[in-house]
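> Take this sequence and fold it.
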Amino acid sequence: MFTTMIDALAPAGHAGEIGAAKAGTIGGIDLGTTLGKGVTVSFILEGDAVPQLFIPELIELWQGGAFPFHRLVRQYSFAEINPAFEDSERGRTLKPVVVF
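Have a look, this model is predicted:
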């Protein structure tokens, strides 16, 4: 997918990779062609947000009913740590929280 994204860029295009990959994942590209196109790739971590600005905005959205974060988070006991990882990997929960 990463290579396809790079190949699809127009000359001087800019792509953003959002999310994470497992450690050791290699995203091979044709450097000769890619460098000749003058493209830019940004790797975006956690939205590259400024917490002092972003968190108040999220709170405002939540207060207005537009951000139901309670549907994104699921709590697990420490004894449920393995199911928490499994649920995250399978997309059953977005943010597993292990409570001690």
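> Please count neighbours and contacts with C-alpha atoms only from this point.
Will do.
> Heading C-terminal from the longest helix seen in the chain, find the next helix or strand.
In the chain, assigned by DSSP state H, the helix with the most residues is helix 51-63. Heading C-terminal from helix 51-63, the first helix or strand you meet, by DSSP states H and E, is strand 73-77.
> contacting residues around the longest helix of the chain?
67-69 (CA atoms under 8 Å, 6 or more residues apart in numbering).
> Return the members of those residues classed as buried.
With neighbours counted by 16 or more other CA atoms under 10 Å, those contain no buried members.
> Now for the residue most central in space within the chain: which residues touch it?
Nearest to the geometric centre of the chain sits Gly19, at 2.5 Å (CA atoms, centre = their mean). When contacts are counted by CA under 8 Å, 6+ apart, Gly19 touches 44-46.
> Can you tell me how far it is from Ile55?
Taking CA to CA, to the nearest Å as the measure, Gly19 and Ile55 are separated by 19 Å.
> domain ranges for this protein?
Following automatic domain parsing, the chain resolves into domains at 2-47, 49-99.
> Output those domains as JSON lines; include the columns mean pLDDT.
Formatted as JSON lines, the domains of the chain follow (pLDDT from 0 to 100):
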{"stretch": "domain 2-47", "mean pLDDT": "85"}
{"stretch": "domain 49-99", "mean pLDDT": "92"}
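> Okay, helices next: where are they in this protein?
Applying DSSP H to the chain gives helices spanning 2-8, 31-37, 51-63, 81-89.
> Could I get the buried residue list for the second one?
In this case it means helix 31-37. Taking 16+ other CA under 10 Å as the neighbour-count basis, helix 31-37 is seen to contain the buried residues 34, 37.
> What count of nearby residues applies to the spatially closest residue to Phe100 that is not a sequence neighbour?
Nearest residue to Phe100 in three dimensions, chain neighbours excluded: Phe78, at 5.8 Å (CA to CA, 6 or more residues apart in numbering). Neighbourhood size, Phe78 [other CA atoms under 10 Å]: 12.
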